[in-house]
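Asks: Need a 3D model of the sequence below.
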Amino acid sequence: MRSMLFVPGDSPRKFEKASEGKADALIIDLEDSVVTEKKAEARGLTLTMLKGRPGPHQLYVRVNALDTGITLADLAAVMPGKPDGIVLPKSQGGDDVRQVATWLEALEAAAGTELGSTRIVCVATETAGSIFGLGSYKGCSPRLAGLMWGAEDLSASLGATEKASGGVFHSPYRLARDLCLMAAAAAEVAPIDTVYTDIDNLAGLNTRGAPRRVFRQGADPSQACRRRQRRLRADRSRTHLGGESDRGVCQQSQFRNAAARRPDDRQAASSRREEDPRPALGQPGAAAEGVGSKLRP
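Replies: Below you'll find the model as predicted:
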């Protein structure tokens, strides 16, 4: 799955437009996109969207966080529509995944859905406390399909007034991103980058993809939010977003898991080490080169 488009759960019109695009998945949002007084209405509309399935897209639903007390109500309302997956925001660790998985098992049985078929993607770094739970995702549930890091809500949790300068994330956010990558690799699920919010700077999106040159197991980790994409010309959209419709809302790409590296990748890396004339660490003339120095935000 290479691309996701976020769609407000209370807007069938926007869902219909998003369905005309080429994204692999549509994420119908019941959280930030829907104000409190419209949550109940949005659940019903979301169920209708799920049952309609106008195209080949996978359909995910972002529910409200567990600390809101309405997550189960969200799940109970949408599971009869048999979504492909659930996006859980503000997840604190593996225990949260297990709780949602328990609910999903009962709701799948009630809806006549294949047990275990509904996947879970967690937004895993939206609070300061969630950083310390990243190591708990490994083995928490076979439903877990990915870990996404989030910078926007993390800013609120840290009390920060600025998360980046000159297009470069400040160190706490780079740390959260790196730890999310490591947690996903350890759990053998897909790591997914935060949304790209500088919507008038498409060149910056390419810069955000720079880490793919360091992590051989990965592709471009960027996830770009396009709330005003309709303002861009269609030809410009095709040039910068890989053929996505100008109605697209969000694009993201994922790292491949380290375990999924092709044998020829490992063989090629081994061959380069054998041919490298530079002295190894610990030998005269060797210099330590930190991987972190190669990373560009």
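Asks: So V78 is in contact with L47, correct?
Replies: Yes: at 5.6 Å, V78 and L47 qualify as touching, with contact defined as CB atoms under 8 Å. No exception for glycine: its C-beta is placed from N, CA and C like everyone else's.
Asks: And the pLDDT for A286?
Replies: A286 carries a pLDDT score of 41 in this model.
Asks: just G129 next, same as before
Replies: According to the per-residue confidence, G129 scores 95 in pLDDT.
Asks: That one is in contact with Q92, isn't it?
Replies: Yes: contact between G129 and Q92 holds when scored by CB under 8 Å: they sit 6.3 Å apart.
Asks: Comparing those two, which residue is more hemmed in?
Replies: In this view G129 and Q92 are compared by other CB atoms under 10 Å, and Q92 has more residues nearby, 22 against 11.
Asks: In terms of helices and strands, where is the more buried one?
Replies: With elements taken from DSSP states H and E, nothing contains Q92; it lies in neither a helix nor a strand.
Asks: check contacts around it.
Replies: By CB atoms under 8 Å, 6 or more residues apart in numbering, the residues touching Q92 are 66, 127, 129-130, 133.
Asks: Do a quick rundown of the strands in this protein.
Replies: Using DSSP state E, the strands of the chain run over 4-8, 25-29, 58-62, 85-88, 119-123, 144-148, 164-165, 168-169, 190-192, 195-196, 223-225, 250-252.
Asks: any low-confidence regions in this protein?
Replies: Applying pLDDT under 70 to the chain flags residues 1, 197, 199, 205-297.
Asks: Spell out, range by range, the helices that occur in it.
Replies: 12-18, 39-52, 71-78, 94-111, 152-158, 171-187, 202-208, 234-240, 263-275 (DSSP state H).
Asks: Kindly reformat those helices as CSV and extend each row with mean neighbour count and distance to P142.
Replies: Formatted as CSV, the entries for the helices of the chain read as follows, by neighbours: other CB atoms under 10 Å; distance: least, CB to CB, whole Å:
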stretch, mean neighbour count, distance to P142
helix 12-18, 18, 29
helix 39-52, 18, 23
helix 71-78, 20, 18
helix 94-111, 17, 8
helix 152-158, 16, 27
helix 171-187, 19, 11
helix 202-208, 15, 31
helix 234-240, 13, 37
helix 263-275, 9, 25
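Asks: Could you dump these into CSV with distance to D84 added?
Replies: CSV is the format used below for these (distance: least, CB to CB, whole Å):
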stretch, distance to D84
helix 12-18, 15
helix 39-52, 9
helix 71-78, 12
helix 94-111, 12
helix 152-158, 24
helix 171-187, 19
helix 202-208, 26
helix 234-240, 26
helix 263-275, 29
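Asks: So which of the ones you listed is nearest V195?
Replies: Each of these has some distance to V195 by CB to CB; the shortest is helix 152-158, at 7.3 Å.
Asks: Contacts only, for N201.
Replies: G167.
Asks: any idea how far R2 is from it?
Replies: Relative to R2, N201 is positioned 22 Å away (criterion: CB to CB, to the nearest Å).
Asks: got it, and I120?
Replies: When distances are taken as CB to CB, I120 and R2 turn out to be 19 Å apart.
Asks: So for the two, which residue has more residues nearby?
Replies: Neighbour totals were compared for I120 and R2, and I120 leads with 24 against 14 (other CB under 10 Å).
Asks: List the residues that contact the more buried one.
Replies: Neighbours of I120 in contact, by CB under 8 Å, 6+ apart: 85-88, 97, 100-101, 104, 141, 143-145.
Asks: Pick out whichever of those residues sits closest to G52.
Replies: Of all those, G85 has the smallest distance to G52: 17.4 Å, by CB to CB.
Asks: ok, the closest one to D200 distance?
Replies: Between G85 and D200 the distance, using CB to CB, works out to 31 Å.
Asks: Ok, E31 next?
Replies: Distance of E31 to D200, computed by CB to CB: 25 Å.
Asks: Same question for G55.
Replies: The gap separating G55 from D200 is 29 Å, by CB to CB.
Asks: Any chance of the backbone angles for the residue lying closest to S3 once chain neighbours are set aside?
Replies: With sequence-adjacent residues excluded and distances taken as CB to CB, 6 or more residues apart in numbering, S3 is closest to A23, at 4.4 Å. Summarising the backbone geometry of A23 under the convention degrees, to the nearest 10, its torsions are phi -70, psi 150.
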